[in-house]
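Chemist: Pasting a predicted model and its sequence here:
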Amino acid sequence: MDTFFLMRAFVCVAETGSFTAAALRLDLTTSYVSRAVSSLEDHLRTRLLHRTTRRIALTEAGQRYLLRCEQILNYIEEAEAEAGQAHARPAGNLKIHSMTGIGHRYLVKAVADYNEKYPDVSFDLTLANRTIDIIEEGYDISVVAARQLPDSGYISKHLGQVYSVLCASPTYIAKYGLPDTPAELDKHRCLRLVYSTMSLDKWVLDGPDGQEEVSISHTHFQANTVEAMTEALKLGMGIGSLPIYSAYQSLRDGSLVRVFPSYTLYPLGVYALYPSRQYLDAKIKTWVEFLRDYLPQQLANDERALIDCNQPA
C-alpha cells in the first residue's frame, strides 16, 4: 500500500466516522480500509484513532495528522487537475530555441501575436545557431533551418522553406560593377559565409535555366555568422550570400542590393522539433499549429515585398 492511499483511507474514515461508510465511499471492503489505517499507524508508530464497538474517535495525534493529510491531499488534487488540463488549456512557460536569424525576423513577432490569443503562456526564447539536445537542455521546441534533419527521434513539423540570395552594397557596385552572368563572378570579390551544412568552395545557384555552379574557393573574406557577413557586405567588401530573412531589411532600406534577382541558393526547410506527440501539452500543440499557419504567410509576404526592392537593372 502506498502512503498517499493510506492517507486517503484515514481521511475518509475520519470524515465519515465509520470504517464501513469509508469503505462504501472508496468502493473497498471494510476490512481492507481497516487494515489500511492500521498500516498507517504502524508506519507512523502512532495511534490515530480510538476504536470501540460503537464508534471511533480521533486521538490528539490523529487530529493533528488529519489537518496535514487534508492539506497534502488538496495539493495533490490541485496538481493532478493542473497537469490533466495541460493538454486542454495553453498555460505556463514555453522554452524555445531558434536559429538566430529566424528568431529575430519571425519568432519575436509570432510570440506577440500568439499571446494575443493565449495570454496565459509565457516564453523563454533562446537564439543560437547550433544544434541543441532538446531534452538534455530542457527545451520544449526547437525551430531550425536545415537541408535534411538528422535521425534524432524527435517529432518534426515542416513550417516552410527559406533560401539565400546574393547581395552587394551600392558602394561595391559603383566601384566594380555588376556581373552579367553567374560565370562572371570569378572576376569579383566573393565573400564566403561558412556553415557546416553548406559547401565551402562553391555556390549552387538555382535560376531560370536550372542550376549553375560557381567556384568561390579563393575568397577575400569569410565569416561564420550572418551578422558579420552583413556588415562586410555593407562596407563594400564584395558579393556574398545571405539568408533571405537576414537580408530582408538591408535590401528594403537600400544598404544592400540583390545580385541576380532571379537566382537563389541554399534552399532550406524550416522545422519545429519537439520530443513527443503523446500527451502533448496544449501550449506546445497550439504554438506549433500557430507557426504552421503564421510562418509560411510571413515568408510569402517577404518574397512579395522584395519584388519592390531597389534591384539592379
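Modeler: Perfect, thanks for sending it.
Chemist: For the protein, which segments are assigned as helices?
Modeler: Applying DSSP state H to the chain gives helices spanning 3-16, 19-26, 30-44, 60-85, 100-102, 108-117, 170-176, 226-234, 244-253, 282-307.
Chemist: and the shortest one, what other elements does it pack with?
Modeler: For helix 100-102, the helices and strands in contact under the criterion 3 or more CB pairs under 8 Å, 6 or more residues apart in numbering; DSSP states H and E are helix 244-253. Yep, even glycine has a C-beta here, placed from its N, CA and C like the rest.
Chemist: relative to helix 226-234, how tilted is the helix it packs on?
Modeler: Here helix 244-253 runs at an angle of 30 degrees relative to helix 226-234 (axes from the mean of the first three to the mean of the last three CA atoms, to 10 degrees).
Chemist: Packing partners of helix 244-253?
Modeler: Applying 3+ CB pairs under 8 Å, 6+ apart, one finds that helix 244-253 makes contact with helix 100-102, strand 155-168, helix 226-234, strand 257-259, helix 282-307.
Chemist: Just the CA atoms of the third one, as CSV, please.
Modeler: What follows is the C-alpha trace of helix 226-234 in CSV, where atoms were taken according to Å, rounded to 0.1, in the frame of the first residue of the first chain:
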residue,chain,number,x,y,z
VAL,A,226,25.3,36.3,-40.9
GLU,A,227,25.8,39.4,-38.8
ALA,A,228,29.5,39.6,-39.7
MET,A,229,28.7,38.9,-43.4
THR,A,230,26.1,41.6,-43.5
GLU,A,231,28.5,44.1,-42.1
ALA,A,232,31.2,43.1,-44.6
LEU,A,233,28.8,43.4,-47.5
LYS,A,234,27.6,46.9,-46.3
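Chemist: Kindly calculate the angle that it makes with strand 155-168.
Modeler: Relative orientation of helix 226-234 and strand 155-168, computed by the same axes, to 10 degrees: 20 degrees.
Chemist: what about helix 226-234, average pLDDT?
Modeler: What helix 226-234 shows for mean pLDDT is 93.
Chemist: sorry, back to before: and the helices and strands packed on helix 244-253 as CSV, adding distance to residue 20 and mean neighbour count?
Modeler: Formatted as CSV, the helices and strands packed on helix 244-253 follow (distance: least, CB to CB, whole Å; neighbours: other CB atoms under 10 Å):
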stretch, distance to residue 20, mean neighbour count
helix 100-102, 65, 22
strand 155-168, 51, 20
helix 226-234, 74, 19
strand 257-259, 84, 22
helix 282-307, 42, 16
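Chemist: Could you pull out the buried residues of stretch 51-66?
Modeler: Residues of stretch 51-66 classed as buried: 56, 58, 62, 65, 66 (neighbour count, 16 or more other CB atoms under 10 Å).
Chemist: which residues are in contact with it?
Modeler: Outside stretch 51-66, the residues within contact range by CB atoms under 8 Å, 6 or more residues apart in numbering are 10-11, 13-14, 17-19, 44, 46-50.
Chemist: What confidence value was assigned to the residue positioned nearest the centre of the chain?
Modeler: Nearest residue to the geometric centre of the chain (CA atoms, centre = their mean): residue 141, 2.4 Å. Turning to residue 141, the model gives it a pLDDT of 93.
Chemist: cool, and the one 10 residues further on?
Modeler: In the prediction, the pLDDT value recorded for residue 151 is 74.
Chemist: and what of residue 196?
Modeler: Model confidence at residue 196, expressed as pLDDT, equals 54.
Chemist: now swap in residue 292 and tell me
Modeler: Per-residue pLDDT puts residue 292 at 93.
Chemist: try the one 10 residues further on
Modeler: Per-residue confidence (pLDDT) for residue 302: 87.
Chemist: list the contacts for it?
Modeler: 244, 245, 248.
Chemist: Can you pull the poorly scored residue ranges out of the stretch 201-313 of the chain?
Modeler: Along the stretch 201-313 of the chain, segments meeting pLDDT under 70 span 217-218, 277-279, 308-313.
Chemist: OK, contacts around the spatially closest residue to residue 182 that is not a sequence neighbour?
Modeler: Closest residue to residue 182 apart from its sequence neighbours, by CB to CB, 6 or more residues apart in numbering: residue 212 at 4.7 Å. With contact set as CB under 8 Å, 6+ apart, residue 212 has these partners: 182, 183, 204, 205, 263.
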